[in-house]
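Engineer: Test case, fold it:
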Amino acid sequence: MVSGSGSARRMRFDFPTGRDPASVRRRIEAMEFLLENSIRIPGLRRAVGLDAVVGVVPVAGDVISALLGLYLVWEARSLGMSRWKLARMVGNVGIDTAIGAIPFAGDVFDFLFRSNTRNLKMIRRHLDRHHPETRIIEA
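Structural biologist: Okay, the predicted model is just below:
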């Protein structure tokens, strides 16, 4: 599913419906890609995602972005992650939403602070520790 290095990574959008850890992993990785890296802007060395694009729309965009970010937290909860880690994940989404709501500065912040990527890293560590069979080896 994931191939190449960070800047050249591509992923097909695969949202499996299963409740097993491997399906959850594929779902959250696809969602994080959609929210943080799915749109390549010519001239920039960094991709943006739906989170930054939708965040440009005042208020409604930030609410939609927060709800999409909280989806990852909901999936993490279903995996049995600790309350402390879930609270940290909610905090990441909250910081992204609060600062992202500030005109212009929030849009720049969305480009730099990738709460969904941070949350995905926490979920991956949990899955690698508690469900190692779901691990994906990147080339």
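
Engineer: packing partners for the helix or strand of the chain with the lowest mean pLDDT?
Structural biologist: Least confident helix or strand, the chain: helix 105-112 with a mean of 84, by mean pLDDT, DSSP states H and E. Here helix 105-112 touches helix 50-54, helix 83-100, going by 3 or more Cβ pairs under 8 Å, 6 or more residues apart in numbering; DSSP states H and E. From N, CA and C alone the C-beta is placed, and that goes for glycine too.

Engineer: how much space between the residue lying farthest from the centre of the chain and Gly18?
Structural biologist: The centre of the chain is farthest from one residue, Gly43, which by Cα atoms, centre = their mean lies 23.4 Å away. Counting by Cβ to Cβ, to the nearest Å, the gap from Gly43 to Gly18 is 40 Å.

Engineer: Enumerate every residue touching the residue nearest to Ala52 when sequence neighbours are not counted.
Structural biologist: Once flanking residues are discounted, Ala52 sits nearest to Asp110: 4.5 Å by Cβ to Cβ, 6 or more residues apart in numbering. Contacts for Asp110 (Cβ atoms under 8 Å, 6 or more residues apart in numbering) come out as 51-52, 55, 65, 96, 100.

Engineer: For Arg124, what is the enclosing helix or strand?
Structural biologist: In this assignment (DSSP states H and E), Arg124 forms part of helix 115-130.

Engineer: Now render the contacts of Asp110 as TSV, adding neighbour count, distance to Asn116 and pLDDT.
Structural biologist: TSV is the format used below for these (neighbours: other Cβ atoms under 10 Å; distance: Cβ to Cβ, whole Å; pLDDT from 0 to 100):
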residue	neighbour count	distance to Asn116	pLDDT
Asp51	28	6	88
Ala52	24	11	84
Gly55	24	12	82
Ser65	28	9	92
Asp96	25	8	92
Gly100	25	12	87
